[in-house]
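Asker: Dropping a prediction and its sequence here:
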Amino acid sequence: MGRLFGTDGARGVANTELTCEQAMAIGRAAAMVLIEVEHRRPRVVIGKDTRVSSDMLEAAIVAGLCSVGADAQLLGVVPTPAVAYLVQEYGADAGIMISASHNPCEYNGIKIFNGEGYKLSDALEEEIEAIVLDGAKTPPSPTGGDVGRVSRCERAVDDYVRHLLSVTDVSLRGMRLAVDCANGSASATARKLFSALGADCVFLNDQPDGVNINENCGSTHIEQLADFVKKLKYFGGVAFDGDADRCLAVDENGSLVDGDKIIAALALDMKEKGELDGNAAVATVMSNLGLFRFCEEHGIEPVTTKVGDRYVLEEMLKSGYAIGGEQSGHIIFRHHATTGDGQMSAVKLLAMCRERGQKLSAIGGLMERYPQVMINIKADAGQKERYKADAELQAAVDAAGAGLGKDGRILVRPSGTEPLIRVMVEGRDFDVINKLAVEVAQTIQDRLEKGC
């Protein structure tokens, strides 16, 4: 993880940790790097989520871009995967998304895509960091007609929805669904998408006011959707996060169908159709053991990466795999997208249910989920680094996990996007793993507080 960019772009509390000055500097530096690479006047498409701070940061980024001679094309409120798709569709040189994804409204972030719709390489991010933080290069100061121009794109939502519709020819006509937009980017696209598919939908949390994004709703707070679906006896429901790059579902009983279960079901469906390239599914180390066991039982190779959809995608591109993702609901379909896409995942999942004539509960029940306990320990950047360097503490964690054998594990990792160290314990016996998780978390917290 770099000094400015984490595992998913630059992120922090808007106006204190992520300031307009930083946003302008990032825009300026990104344009400078693009000009060096392209040797011409670059054009950058910019999308944003519904946070009140997104307009402010957009203005700052645009100022930075234009001040060194790059053009900015504003897409308005769109999902992150829309930026990744439209940068290619519109022939732009780069794309920028302003969003803090699933984080509360006070946070915001900046992630940059190259002209092919992929997140920037570590090398390019480091080059931008060097310009922003170290003043490694002096920015040009164009004048007159050489200053960058700003334009607005009014068709971005329609073009993106058309792309989502192209991934299936299955109608969802008559399917009663609840769709939770998290008061985020999906609020701009979901209604058009599901209406075009013919589904009979009720839309929840699709009235953003700038501060209600992810507030007790969306994929990070699935309870409201689950209660709604169960009470009204709907076919099921889907929930997105603030920038709609992840999707979780609930079945007709209100039970959660998480990213692991969605990957398991879709990978098996693709295998049966001869569409599972490499006969493998990619997941991260945080995915449930049940997913790995499911894959093994069905002749699918489970391939594991570090946490972060960028690492999932890297493995997919390197080895030519078709599907991969995270338990949180980031799922990538390599033949259709260059990043996780929540609405595409929902379309694929629901179309599979319709094709198979199965309920969501049957799909979700394909994979046995091992009990899993997650405890978050508050930790600043310094404490995260101390944990990484503490060999004695990590050895103690490994020793604690050894007692679980092949049917369990302990995973401790500093978050790349939040001030947390996550402790995850899995195993067949909930009481055993819960006790172990509490003990391990307490050990880590005590040692960090002592400054060891």
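Answerer: Structure's in. What do you need?
Asker: Stretch 154-173: end-to-end distance?
Answerer: Stretch 154-173 stretches 28 Å from its first residue to its last (Cα to Cα, to the nearest Å).
Asker: Number the residues from 49 up from this point.
Answerer: Yep, numbering from 49; the last one is stretch 202-221 now.
Asker: How far off centre is that stretch?
Answerer: 20 Å (Cα atoms, centre = their mean, to the nearest Å).
Asker: Stretch 395-403 too?
Answerer: Worked out by Cα atoms, centre = their mean, stretch 395-403 lies 21 Å from the chain centre.
Asker: who touches that stretch?
Answerer: 212-213, 215-216, 218-220, 223, 225, 241, 245, 247, 283-284, 286, 295, 297, 305, 310, 313-314, 317, 381, 407-408, 411 (Cβ atoms under 8 Å, 6 or more residues apart in numbering). Placement of C-beta: from N, CA and C, glycine included.
Asker: ok, of the residues you listed, which come out buried?
Answerer: Listed as buried from the contacts of stretch 395-403 are 212, 215-216, 218, 220, 223, 225, 241, 245, 247, 283-284, 286, 295, 297, 305, 310, 313-314, 317, 381, 408, 411; burial here means 16 or more other Cβ atoms under 10 Å.
Asker: In strands only, show me the contacts of stretch 395-403.
Answerer: Among those, the members falling in strands (DSSP state E) are 225, 284, 286, 295, 297, 305, 381.
Asker: for the helix or strand of the chain with the lowest mean pLDDT, which positions count as buried?
Answerer: Least confident helix or strand, the chain: helix 439-450 with a mean of 85, by mean pLDDT, DSSP states H and E. Neighbour-count burial for helix 439-450, counted by 16+ other Cβ under 10 Å, picks out 441, 445, 448-449.
Asker: any idea how far I160 is from Y166?
Answerer: 10 Å (Cβ to Cβ, to the nearest Å).
Asker: looking at this, I144 is in a strand?
Answerer: Yes - counting by DSSP: H, G, I helix; E, B strand; the rest coil, I144 falls inside a strand.
Asker: Report the contact partners of it.
Answerer: Contacts of I144 (Cβ under 8 Å, 6+ apart): 75, 78, 92-95, 109, 131, 158-161.
Asker: Nearest to E362, out of the residues you listed: which one, please.
Answerer: Within the contacts of I144, proximity to E362 (Cβ to Cβ) peaks at F161, which comes in at 14.6 Å.
Asker: I'd like to know how many residues surround the nearest residue to the closest one once chain neighbours are set aside.
Answerer: The shortest distance from F161 to any non-neighbouring residue, by Cβ to Cβ, 6 or more residues apart in numbering, is to G143 (4.0 Å). A total of 28 residues lie near G143 under the criterion other Cβ atoms under 10 Å.
Asker: from the chain's centre, how far out does the helix or strand where L82 lies sit?
Answerer: Applying DSSP states H and E as the criterion places L82 in helix 68-86. Averaging C-alpha positions (Cα atoms, centre = their mean) puts helix 68-86 24 Å from its chain's average.
Asker: Name the surrounding residues that touch it.
Answerer: Taking Cβ under 8 Å, 6+ apart as the rule, helix 68-86 contacts 52, 58, 89-90, 92, 104-105, 107-113, 115-118, 141-142, 144, 158, 160, 172, 175-176, 179-180, 185, 187-188, 196.
Asker: How about stretch 149-158?
Answerer: 56-62, 66, 71, 74, 99-102, 105, 109, 128, 144-148, 258-263, 266-268, 289-291, 293-294, 376, 465-466.
Asker: how about a cut-off of 6 Å?
Answerer: Applying Cβ atoms under 6 Å, 6 or more residues apart in numbering, the contact partners of stretch 149-158 are 57-59, 61-62, 66, 74, 99, 101, 105, 146-148, 259, 261-262, 268, 289-291.
Asker: likewise stretch 452-459?
Answerer: Residues from elsewhere that reach stretch 452-459 (Cβ under 6 Å, 6+ apart): 333, 445, 448-449, 472-476.
Asker: ok, 7 Å please
Answerer: 333-334, 337, 445, 448-449, 472-476, 481, 488 (Cβ atoms under 7 Å, 6 or more residues apart in numbering).
Asker: Kindly write the ChimeraX command that selects the buried subset of those.
Answerer: Typed into ChimeraX, the next command selects the buried ones out of these (criterion: 16+ other Cβ under 10 Å):
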select :334,337,445,448,449,472,473,474,475,481,488
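Asker: what's the domain layout of the chain?
Answerer: Per automatic domain parsing, the domain ranges recorded for the chain read 58-202, 207-412, 420-497.
Asker: ok, of those domains, where does mean pLDDT dip lowest?
Answerer: Mean pLDDT is lowest for domain 420-497 among the domains of the chain, at a mean of 88.
Asker: measure that one end to end?
Answerer: Start-to-end, domain 420-497 (Cα to Cα) is 26 Å.
Asker: isn't Q420 right up against V471?
Answerer: No - Q420 is beyond contact range of V471, at 11.2 Å (criterion: Cβ atoms under 7 Å).
Asker: Show me which of those two is the more surrounded one.
Answerer: Using other Cβ under 10 Å as the criterion, Q420 and V471 rank with V471 on top: 25 against 22.
Asker: which non-adjacent residue is nearest G390?
Answerer: Using Cβ to Cβ, 6+ apart and skipping residues adjacent in sequence, the residue nearest G390 is C295, 3.6 Å away.
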